[in-house]
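A.B. asks: here is my input, please return the structure:
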Amino acid sequence: MSLHRVNRRTLLKSGAALSGGLIAADMPLSQAIWAAEGKVLTVRSDYDIDKLDPGFYNNSYNVDVMNCIYSKLTRYKTSSEWGWELEAAETIEQVDPTHIRFRLKKGIKFTGDHGEMTAKDVKFSFERIIKHNSTVMLDWGSLDRVDLEDDYTGVIVFKSPYIPCWNVALPYGAGHIVSENAVMKATKDGGDFGMKPPAFSGPYVLTEWKANQHVVLTRNLEWSGPAPGFDEIRILPIADVTAAQRAYQAGDVDFTFINLASLQTLKSQPPIDTKVEDKKPINYVWVGMNVDHPNLKDINVRKAIQWGINVPQILDVAYAGQANVATGVVAPGIIGNRDKALVPPEGDLEKAKQFLQKAGVSELDLTITCVNQSAYSTIAETVQAQLSQIGIIVNVNVQDPGSFNTIGMESQGNQWKDIQLIVNFFTSLPDPYYATYGFMSDQVGIWNWERFRSVRFDELSNKGIAVSDPVERAKLYHEMQDLMEDSGAYRFLTNQATPIMYRTTAMQAATRPDGRPLYIDFKPA
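C.D. replies: Next comes the predicted model:
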């Protein structure tokens with residue numbers, strides 16, 4: 001892949017002919033020209049953005065952009081430890097187990113003459129998620145409503161205690177506040193506005209988006225808060241991390257996550273003017289099995305696959321031994337992380353063969369699907385080789401991100417019926433609820449692509465959001481991960497690791513503890 005930085009003046013001159021792209025409405029030409037002359041931050045993102053409505057968001061790379069163009073009551077701190085701080089809220093407090101009172105800062109403006117942000121906009125933003133039955137409503141748990149006390153003060157009301165609110169709903173995607181006036185004018189019913197934000201309220205506005213090429217953010221001239229460090233942020237989507245490293249070496253981006261296979265080399269011999277930093281792993285990668293597929297309905301077949309997979313061997317090949325062995329979907333350092341998995345990391349080929357014998361299977365031909373990134377295709381190929389040792393033929397099916405990201409969703413067609421084995425991965429947040437709720441029974445065909453169903457799992461999940469004692473809460477999530485593994489539908493691999501590198505002559509980088517960028521806190525060198 002060859003990436004070349006686009007000259008900003010050339011880009012602006014050609015702005016009227018942005019075929020297949022999007023340019024912000026109501027953006028004064030003077031602002032575009034001013035932005036082109038200022039300090040520019042150029043970074044790499046895992047994937048291209050595809051949804052900028054926080055009420056219906058679907059991934060972390062969209063949230064990275066939403067953090068810049070909208071405001072939330074609270075936000076994650078730039079820190080090596082997880083924590084939050086005030087953003088749009090002047091004050092916020094837990095009044096009792098089911099009520100959170102907030103008071104907004106005055107003077108936060110929506111662009112496009114949509115006025116000042118008020119508590120009414122907060123109410124609209126949070127309640128529309130429930131009203132439209134968005135998948136994002138899982139982030140809000142037992143949210144009932146938002147009561148208004150005055151123009152700037154409101155109370156978030158839950159039907160029952162919801163502990164993850166502080167680490168999931170408020171500081172992340174679903175916590176972004178949109179303009180009721182702007183959204184209602186744009187959508188009529190307050191529904192999903194997709195990739196066309198009708199108003200902005202953050203330090204930046206979306207100036208341009210060209211699919212699979214770049215995202216351009218420029219300063220919001222109506223922003224009254226602390227000035228961000230850069231006048232323009234240019235985000236280049238590069239799915240493969242090895243390609244991203246090449247782009248960095250070529251000077252096309254100044255910030256990127258890096259390939260774990262290259263970590264030791266980059267740490268000992270970093271590129272000139274480059275800082276390499278390790279970050280705390282919080283994501284999770286696993287091999288999933290579609291329990292509804294005819295070839296995988298027998299739990300003994302699934303158990304054979306679990307025991308036939310040697311996790312450390314996979315990590316040595318895919319991540320040069322730099323990634324941890326996962327014990328489940330909850331990462332180390334987060335409440336609910338298990339000490340060890342039920343199936344030993346190395347597996348056992350003889351035990352795997354015994355399970356196949358028990359299933360009465362002598363010949364089995366399966367397909368393993370993965371996204372076209374080097375680490376995941378390597379995982380799939382290693383699983384292919386490992387399972388051949390117990391007599392299972394595995395074919396590798398590599399998909400581009402666009403098709404892979406919807407392959408298990410019933411709403412996108414019938415391709416979910418063909419899933420057999422899948423190398424899957426989720427980004428996560430610092431609460432075990434976020435790591436587990438996608439596997440509930442009501443998420444089958446949405447996020448739950450293994451189609452795992454457990455009444456007990458669902459009961460524990462519903463209980464876990466209300467338990468405040470960390471020790472008792474951890475026990476619930478330990479059992480939930482045991483249930484997942486007992487089903488035979490999961491072979492947990494790794495929480496990865498998320499090292500980053502950035503050019504010290506271009507910036508002072510700012511991230512969450514897991515390395516996820518917080519662009520509005522980036523500063524020029």
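
A.B. asks: mind listing what's buried in stretch 277-286?
C.D. replies: With burial defined by 16 or more other CB atoms under 10 Å, the residues of stretch 277-286 counted as buried are 279-286. Backbone N, C-alpha and C define where each C-beta goes, glycine included.

A.B. asks: tell me the mean pLDDT for it?
C.D. replies: Averaging pLDDT along stretch 277-286 yields 93.

A.B. asks: residues near the closest residue to H132 other than its chain neighbours, how many?
C.D. replies: Excluding its sequence neighbours, the residue lying closest to H132 (CB to CB, 6 or more residues apart in numbering) is G191, at 5.4 Å. For G191, the neighbour count with other CB atoms under 10 Å is 17.

A.B. asks: what's the answer for the one 4 residues further on, then?
C.D. replies: Under the neighbour criterion other CB under 10 Å, M195 is assigned a count of 15.

A.B. asks: any idea how far Q389 lies from D348?
C.D. replies: Noted for Q389: a distance of 11 Å to D348, by CB to CB, to the nearest Å.

A.B. asks: tell me which of those two has more neighbours.
C.D. replies: D348 (15 against 12).

A.B. asks: count the neighbours of the nearest residue to the more buried one once chain neighbours are set aside for me.
C.D. replies: Closest residue to D348 apart from its sequence neighbours, by CB to CB, 6+ apart: W307 at 5.2 Å. Neighbourhood size, W307 [other CB under 10 Å]: 24.

A.B. asks: so W307 sits in a helix?
C.D. replies: Yes - counting by DSSP: H, G, I helix; E, B strand; the rest coil, W307 is found in a helix.

A.B. asks: what's it in contact with, if anything?
C.D. replies: 343, 347-349, 351-352, 355 (CB atoms under 8 Å, 6 or more residues apart in numbering).

A.B. asks: and of those, the nearest to N59?
C.D. replies: V343 (29.2 Å; CB to CB).

A.B. asks: in terms of pLDDT, where does the closest one sit?
C.D. replies: 98.

A.B. asks: how about the one 5 residues further on?
C.D. replies: Confidence per residue is given as pLDDT, and for D348 that number is 98.

A.B. asks: gap between it and V325?
C.D. replies: According to CB to CB, D348 and V325 sit 16 Å apart.

A.B. asks: need the contact list for the residue nearest the centre of the chain.
C.D. replies: Nearest residue to the geometric centre of the chain (CA atoms, centre = their mean): S60, 3.1 Å. Contact criterion CB under 8 Å, 6+ apart gives 46, 427, 516 as the residues in contact with S60.

A.B. asks: which of these has the most neighbours?
C.D. replies: R516 (21 neighbours).

A.B. asks: so that one sits against Y61, correct?
C.D. replies: No - judged on CB atoms under 8 Å, R516 makes no contact with Y61 at a distance of 9.3 Å.

A.B. asks: which strands or helices does whichever strand or helix holds R44 pack on?
C.D. replies: Assignment of secondary structure by DSSP states H and E places R44 within strand 40-45. When contacts are defined as 3 or more CB pairs under 8 Å, 6 or more residues apart in numbering; DSSP states H and E, strand 40-45 packs onto strand 232-237, helix 241-249, strand 255-257.

A.B. asks: could the ones you listed go into CSV alongside distance to I335, mean neighbour count and mean pLDDT?
C.D. replies: CSV is the format used below for those (distance: least, CB to CB, whole Å; neighbours: other CB atoms under 10 Å; pLDDT from 0 to 100):
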stretch, distance to I335, mean neighbour count, mean pLDDT
strand 232-237, 32, 23, 97
helix 241-249, 29, 20, 93
strand 255-257, 25, 23, 97
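
A.B. asks: and the ones you listed: which comes nearest T382?
C.D. replies: helix 241-249 (17.1 Å).

A.B. asks: quick one: that closest one to strand 40-45, angle?
C.D. replies: Orientation of helix 241-249 against strand 40-45 (axes from the mean of the first three to the mean of the last three CA atoms, to 10 degrees) gives an angle of 160 degrees.

A.B. asks: and V122, that's in a strand?
C.D. replies: No - V122 sits outside any strand when classified using three-state DSSP, being helix.

A.B. asks: just checking, it touches F102?
C.D. replies: Yes - V122 lies in contact with F102 (CB under 8 Å); the separation is 7.2 Å.

A.B. asks: shared neighbours of the two, anything?
C.D. replies: Common neighbours of V122 and F102, using CB under 8 Å, 6+ apart, are 73, 154.

A.B. asks: more neighbours: which of these two?
C.D. replies: Using other CB under 10 Å as the criterion, V122 and F102 rank with V122 on top: 26 against 23.

A.B. asks: and that one, what is it in contact with?
C.D. replies: Going by CB under 8 Å, 6+ apart, the list of residues near V122 reads 73, 102, 104, 146, 154, 177.

A.B. asks: check those residues and tell me the two furthest apart.
C.D. replies: L104 and V146 (12.0 Å).

A.B. asks: returning to that earlier point: can I get the helices and strands packed on strand 40-45 in JSON lines with distance to F158?
C.D. replies: JSON lines is the format used below for the helices and strands packed on strand 40-45 (distance: least, CB to CB, whole Å):
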{"stretch": "strand 232-237", "distance to F158": "35"}
{"stretch": "helix 241-249", "distance to F158": "39"}
{"stretch": "strand 255-257", "distance to F158": "35"}
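
A.B. asks: right, so of those, which gets closest to P524?
C.D. replies: Per CB to CB, nearest to P524 of those: strand 232-237, 11.8 Å.

A.B. asks: sheet partners, orientation included, of that closest one?
C.D. replies: strand 40-45 (parallel), strand 214-219 (antiparallel) (DSSP bridges).

A.B. asks: mean neighbour count, those strands: which tops it?
C.D. replies: When you average the neighbours per residue for each of those (mean count of other CB atoms under 10 Å), strand 214-219 leads with a mean of 24.

A.B. asks: got the CA coordinates for that one in CSV?
C.D. replies: Provided in CSV are the C-alpha atoms of strand 214-219 (Å, rounded to 0.1, in the frame of the first residue of the first chain):
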residue,chain,number,x,y,z
HIS,A,214,-9.5,10.3,5.0
VAL,A,215,-11.4,12.2,7.6
VAL,A,216,-10.7,15.9,8.1
LEU,A,217,-11.7,17.7,11.3
THR,A,218,-11.1,21.5,11.8
ARG,A,219,-11.5,23.8,14.8
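
A.B. asks: next up, the contacts around Y172.
C.D. replies: Here Y172 is in contact with 63, 76, 139, 429 (CB under 8 Å, 6+ apart).

A.B. asks: show the pLDDT at the closest residue to G225 other than its chain neighbours.
C.D. replies: Nearest non-adjacent residue to G225, counting by CB to CB, 6+ apart: P203, 6.5 Å away. We have a pLDDT of 98 for P203.

A.B. asks: kindly report the same for V444.
C.D. replies: For V444, pLDDT reads 97.

A.B. asks: hang on, it packs against F457?
C.D. replies: No - using CB under 8 Å, V444 is not in contact with F457; the gap is 11.9 Å.

A.B. asks: where along the stretch 351-500 of the chain do the helices fall?
C.D. replies: 374-388, 401-404, 432-436, 455-464, 470-486 (DSSP state H, counting those that start in this stretch).

A.B. asks: and of these, who's closest to I129?
C.D. replies: Closest approach to I129 among those (CB to CB): helix 432-436, 15.5 Å.

A.B. asks: the closest one packs against which elements?
C.D. replies: Against helix 432-436 (3+ CB pairs under 8 Å, 6+ apart) you get helix 455-464, helix 470-486.
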